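K.L.:
Any chance you could fold what I've pasted below:
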Amino acid sequence: MSTPLLLSKLLIRSGMAGWLPAVRRIMGSGSSYLGYYSDRVLTAPLAELRDAAALLEQHGGDVIDLALGAPRFDLTPSGSTKLPADQRDWPAPGGIPELRAAVADKLRMDHAQRYDPDLEVLVTSGATGAFQVALETFVNRDDAVVLFDPNSPLFPLSVRHRGGKVRWVTSWMEEGKTRFHLAELAKALHGAKLLVLNAPANPTGGVFSADDLDQIAWWANRRDVLIYNDEVFERFLYEGEPATIATLPAARNRTLTAGGVSKGHALASMRVGWLAGCKHLIRPCAMMSALQTPFVPTLCQQVALTALRQDEKYFEPIHADFESRRRYAYERLQALELRPAWPAGAFFFWLPVWEQDYSGREFAEQLLREKKVLVTPGDLFGPSGKGFVRLSFAAEDGRLHEGLRRLSEFLKGPAGARTPEPKQAA
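P.N.:
Numbering: from 1, shown residues only. You can find the predicted model right below:
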């Protein structure tokens with residue numbers, strides 16, 4: 001660690017940094033957020049990044065640009081993907097203004113959250129890119145990140161790759177709700193840097209009750225921990241009213257809300273996601289994003305913009321179809337005595353195959369080998385997942401029916417008898 005970084009941290013921890021003119025010019029009233037920033041943010045070439053961003057901003061039509069870093073010509077064969085000439089250059093840093101405004105409008109209409117699209121919304125390379133940016137911005141090596149177990153593999157893998165330490169909080173399902181012990185959460189948050197929420201959750205489909213969100217927000221505020229709130233499955237909510245922790249006063253200025261078009265709009269190939277939050281959190285995220293993946297392709301952003309502007313009535317029959325699949329698959333799985341957890345959202349079932357005397361990995365491998373049906377081993381999702389598998393009901397009806405039929409054969413027929421793992425030669 002260099003001397004300038006040590007000095008910067010000393011100034012931040014003593015509170016003196018907020019009185020420096022240079023800091024006040026950049027941070028304004030947000031100097032208290034400096035303590036959250038990672039070493040990479042504090043040592044980033046801020047002046048050079050600001051100069052580069054200024055050069056990339058859109059200028060008026062009377063400016064002749066002799067600083068182009070890429071040529072402009074049109075060989076696009078299809079008019080359906082043709083962009084106007086003024087949109088074929090580098091995309092605007094942080095996302096095109098129209099898309100940032102559409103994200104802000106969506107959050108306002110869904111949850112009455114008000115964000116400035118210019119200062120408090122950042123377009124990222126998918127929701128995965130959003131989490132990577134958040135880690136790079138706020139988490140240093142050996143910093144603790146709190147996750148509920150089980151959880152999406154994206155989160156623990158990314159934290160460990162960054163050099164952070166994962167602290168698991170045990171959770172379970174009760175009638176579609178994600179439940180946990182408050183004392184365990186309070187202990188895990190002590191000295192942590194970031195808490196990750198994911199609701200509806202992957203892999204369980206669970207959601208947090210309003211009371212639990214209040215408690216989570218209170219303890220995060222008490223422990224001075226930032227909150228990363230992943231809402232990629234929010235369109236697939238079947239029970240209860242939509243709720244988000246960012247609307248709670250104790251959490252508003254410490255929460256980053258992440259979303260994207262991969263799940264709710266079936267546009268995973270576009271790789272368009274976003275982060276929304278307090279400007280003092282989004283500003284350093286935008287800086288780190290500029291260093292990592294500075295541009296999401298304009299055409300992809302335009303497709304995402306069209307998706308976000310689409311009337312919600314077009315999604316209603318899709319939502320109804322998924323809800324019907326949920327009930328159908330649940331009844332079939334119950335009949336097979338697999339006792340799935342009842343999901344309030346997303347499109348997964350969390351199956352306890354340990355009751356069938358399998359580990360999750362053994363079950364998944366044998367089912368694939370014998371019946372050509374692919375499910376996900378539960379050990380990928382956290383310490384509690386070793387005896388589980390995740391089954392998705394997002395497949396179209398015919399394939400879902402056939403997959404469940406083969407699963408039934410696997411469990412009931414002769415091939416369903418557990419086969420011993422092959423022994424390796426000594």
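K.L.:
count of neighbours near residue 411?
P.N.:
18 (other CB atoms under 10 Å). In this view, the C-beta of every residue, glycine as well, is placed from N, C-alpha and C.
K.L.:
residues making contact with the strand or helix carrying it?
P.N.:
Using DSSP states H and E, residue 411 sits within helix 397-412. Contacts with helix 397-412, where a contact means CB atoms under 8 Å, 6 or more residues apart in numbering, come from 321, 325, 328-329, 332-333, 336, 338, 356, 366-367, 370-373, 393, 395, 415-416.
K.L.:
Can I have the buried ones of the residues you listed as a PyMOL selection?
P.N.:
In PyMOL, a selection of the buried entries from the contacts of helix 397-412 looks like this (16 or more other CB atoms under 10 Å):
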select buried, resi 325+329+332+333+336+338+356+366+367+371+373+393+395+416
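K.L.:
Next step: the contacts of helix 397-412 restricted to helices.
P.N.:
Residues of the contacts of helix 397-412 located in helices (DSSP state H): 321, 325, 328, 329, 332, 333, 366, 367, 370, 371.
K.L.:
How confident was the prediction at the fourth one?
P.N.:
At residue 329 the predicted local distance difference test score is 94.
K.L.:
unless I'm mixing things up, it is touching residue 393, no?
P.N.:
Yes - under the contact definition of CB atoms under 8 Å, residue 329 touches residue 393, with a separation of 4.5 Å.
K.L.:
which residues do the two both contact?
P.N.:
Common neighbours of residue 329 and residue 393 (CB under 8 Å, 6+ apart) are 349, 400.
K.L.:
Residue 330: what's it in contact with?
P.N.:
Contacts of residue 330 by CB under 8 Å, 6+ apart are 340, 342, 349.
K.L.:
and which of the residues you listed is nearest residue 308?
P.N.:
Nearest to residue 308 among the contacts of residue 330, counting by CB to CB, is residue 349 at 29.1 Å.
K.L.:
Number of residues surrounding the closest one?
P.N.:
The burial count for residue 349: 24, using other CB under 10 Å.
K.L.:
How far off centre is whichever strand or helix holds it?
P.N.:
Residue 349 belongs to strand 348-352 when elements are defined using DSSP H and E. How far strand 348-352 lies from its chain's middle: 20 Å, per CA atoms, centre = their mean, to the nearest Å.
K.L.:
Check stretch 151-166 too.
P.N.:
12 Å.
K.L.:
Can you get me the start-to-end distance on it?
P.N.:
With CA to CA, to the nearest Å as the measure, stretch 151-166 spans 12 Å from end to end.
K.L.:
what's the spacing between residue 233 and residue 90?
P.N.:
32 Å (CB to CB, to the nearest Å).
K.L.:
scratch that, residue 297 is what I was asking about
P.N.:
10 Å.
K.L.:
Pick the one among the contacts of residue 330 closest to residue 216.
P.N.:
Looking across the contacts of residue 330 and measuring by CB to CB, the closest to residue 216 is residue 342, at 22.0 Å.
K.L.:
how about residue 115, what does it touch?
P.N.:
Residue 115 neighbours (CB under 8 Å, 6+ apart): 103, 104, 107, 108, 121, 276, 277.
K.L.:
what's it sitting at in phi/psi?
P.N.:
phi -130, psi 140 (degrees, to the nearest 10).
K.L.:
Same check on residue 359?
P.N.:
Here residue 359 shows phi and psi, under degrees, to the nearest 10, equal to phi -80, psi 160.
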